[in-house]
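Chemist: Fold the following, please.
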Amino acid sequence: MSANQRWDGVLERPLTVRDLPAIMEIERRAYEYPWTTGIFSDCLRVGYTAWGLEEFATLRAYCIASMAAGEAHILNLCVDPSYQGLGLGGRLLGCILTLARQRGVEQVLLEVRPSNGQAVALYRRHGFVKVGERKGYYPARLGREDALVMRLHLNR
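Modeler: Numbers count the residues shown, from 1 in each chain. You can find the predicted model right below:
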């Protein structure tokens with residue numbers, strides 16, 4: 001996949017440290033408990049896969065994933081709240097899965113809030129299945145929320 005491939009005016013590209021302000025702007029608007037700039041910086045510094053979708057030179061969505069030893073773990077996939085429901089999440093997930101296949105990944109794992117029905121539905125549409133739960137994984141207004149653990153086996 002080319003780092004400059006365009007689909008319908010949306011540019012798919014790797015992210016760099018220069019993207020941190022745009023990432024943080026989206027992150028803070030999308031989540032009640034956002035990641036910190038330091039977490040994103042660390043992910044970029046250690047070489048995690050960081051990919052984004054850009055439209056008109058503006059970041060609209062991003063994904064951070066670790067890929068090693070035949071396994072990928074999607075750590076954060078986020079679409080700007082103003083652009084959710086337009087297919088960008090599916091497009092970005094498809095991009096990440098293509099990169100994973102190219103890198104010899106056999107399975108992809110992720111955690112997702114059960115209360116995030118749109119995300120759960122997105123992952124299911126792409127073939128992810130629930131394989132477990134992590135109790136008290138996410139911060140929540142009334143304590144903690146469990147996470148669904150989902151997995152996708154990649155066919156080559």
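
Chemist: For stretch 15-33, give the mean pLDDT please.
Modeler: Taken as a whole, stretch 15-33 carries a mean pLDDT of 97.

Chemist: what's next to that stretch, contact-wise?
Modeler: 34-35, 37, 40-41, 44, 50-52, 58-62, 76, 78-81, 138-139, 141 (Cβ atoms under 8 Å, 6 or more residues apart in numbering). Backbone N, C-alpha and C define where each C-beta goes, glycine included.

Chemist: are any of the residues you listed buried, and which?
Modeler: 34-35, 40, 44, 50-52, 59-62, 76, 78-80, 138 (16 or more other Cβ atoms under 10 Å).

Chemist: Of those residues, which belong to helices?
Modeler: The members of the buried ones among the contacts of stretch 15-33 that map onto helices under DSSP state H are Phe40, Leu44.

Chemist: The buried ones among the contacts of stretch 15-33 in strands, which ones?
Modeler: The strands, defined by DSSP state E, take in Ala50, Trp51, Gly52, Leu59, Arg60, Ala61, Tyr62, Asn76, Cys78, Val79, Tyr138 from the buried ones among the contacts of stretch 15-33.

Chemist: out of those, who's nearest Leu99?
Modeler: Closest to Leu99 out of these is Trp51 (6.9 Å), distances taken as Cβ to Cβ.

Chemist: Sounds good, over and out.
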